[in-house]
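**Student:** with the sequence up front, the predicted model follows.
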Amino acid sequence: MRKIGLQLYTVRESLVKNAAETLHQVARAGYSGVELFQHSGAAAPALLFPHLGALGLKVIGGHVTMDTVADWQTMTKTAAEYAKNGAKHLALAWVAPELRGGVAAWTSIAHTCNEAGKIAREHGLTFSYHNHDFEFTKVEDGRTGHQVLMDESDPALVKAELDLFWVQKAGLDVVEVLKHLGSRVSVVHVKDMTGDEKHTFEIVGDGIMDFDKILPVAEQLGADWFIVEQDLCPKGEIESIRASHENIVKRHWN
């Protein structure tokens, strides 16, 4: 049985309006756990943690920023807080354009991730990098930025939280990328893509992503959770997460 979770960034606007009710709707939609994200205000992880246990929602982990990852004290505090609340994963969510570039830039990011991975491991957490599409642009030695990051980081400390949509958006074969990463795949982000020329975000199961082919491979590689995430919700946040979960169950992807 695959564990189906939700990245709460998907319902970020609803969380700000009414966090408790939004989490209740996530649980009612059928999700088993949630992945949080760094946010100040009503959606801050510290304010959400108390609600989750009562709703039966597991804390899968959280997305953190480079500011957190690059600072020993902040990373230690964050890892401890997530571990205390039952999490198993932390992931670097995004890298700002000014920090990206060629081999040297991605190697530097890899080394920073190594240090964060050490702290995460001390707290019983797996540390991963969450991709978009820009990481799959080739750099001067012919590798992609993502390949440099994986090559120059310790496989025991830095895993891949693979966002399947963004891999396909980059023009790559999702299954081949999964197989290349192998056991470094920690969890996967499940989001779907429209079939028009925009190739933008769609309800999971209503788009063109071949999850019948993709998800079994991710499962075979040991992906711990399958996390639904929608950067933009075509039917509104709550209705979109409901429809996505209904499709997952209907198509026996859970």
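**Tutor:** On my side now, so go ahead.
**Student:** so which bits of stretch 241-250 are buried?
**Tutor:** Buried residues in stretch 241-250, defined by neighbour count with 16 or more other Cβ atoms under 10 Å: 241-245, 247-248. C-beta coordinates here come from the backbone N, C-alpha and C atoms, glycine included.
**Student:** C-terminal to the longest helix anywhere in the chain, what's the next element?
**Tutor:** With secondary structure taken from DSSP state H, the chain has its longest helix at helix 103-122. Following helix 103-122 in sequence order, the next helix or strand is strand 126-130 (DSSP states H and E).
**Student:** may I have that following strand as CSV, with CA atoms only?
**Tutor:** C-alpha atoms of strand 126-130 as CSV (Å, rounded to 0.1, in the frame of the first residue of the first chain):
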residue,chain,number,x,y,z
THR,A,126,16.5,11.9,5.7
PHE,A,127,17.6,15.0,3.9
SER,A,128,16.8,15.4,0.2
TYR,A,129,16.8,17.9,-2.6
HIS,A,130,13.5,18.8,-4.3
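**Student:** can you name every helix or strand that whichever helix or strand comes after that strand contacts?
**Tutor:** Next in sequence after strand 126-130, counting helices and strands by DSSP H and E, comes helix 145-151. Under the contact criterion of 3 or more Cβ pairs under 8 Å, 6 or more residues apart in numbering; DSSP states H and E, helix 145-151 touches helix 103-122.
**Student:** check which helices and strands the helix it packs on sits against.
**Tutor:** Looks like helix 103-122 contacts helix 66-69, helix 72-84, strand 89-92, strand 126-130, helix 145-151 (3+ Cβ pairs under 8 Å, 6+ apart).
**Student:** so what's D151 up against?
**Tutor:** By Cβ atoms under 8 Å, 6 or more residues apart in numbering, the contact set of D151 is 110, 143.
**Student:** quick one, grab the pLDDT at it.
**Tutor:** With respect to pLDDT, D151 scores 98.
**Student:** send over stretch 165-179 as PDB, restricted to the C-alpha atoms.
**Tutor:** In PDB, the C-alpha atoms belonging to stretch 165-179 read as follows (Å, rounded to 0.1, in the frame of the first residue of the first chain):
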ATOM      1  CA  PHE A 165       6.100  16.800 -13.200                       C
ATOM      2  CA  TRP A 166       9.200  19.000 -13.400                       C
ATOM      3  CA  VAL A 167      11.300  16.100 -14.700                       C
ATOM      4  CA  GLN A 168       8.900  15.700 -17.600                       C
ATOM      5  CA  LYS A 169       8.600  19.500 -18.000                       C
ATOM      6  CA  ALA A 170      12.400  19.500 -18.500                       C
ATOM      7  CA  GLY A 171      11.900  17.100 -21.500                       C
ATOM      8  CA  LEU A 172      13.300  14.000 -19.800                       C
ATOM      9  CA  ASP A 173      12.000  10.500 -19.500                       C
ATOM     10  CA  VAL A 174      10.700  10.300 -15.900                       C
ATOM     11  CA  VAL A 175      11.200   6.500 -15.600                       C
ATOM     12  CA  GLU A 176      14.800   6.700 -16.800                       C
ATOM     13  CA  VAL A 177      15.600   9.500 -14.400                       C
ATOM     14  CA  LEU A 178      14.100   7.400 -11.500                       C
ATOM     15  CA  LYS A 179      16.100   4.400 -12.500                       C
END
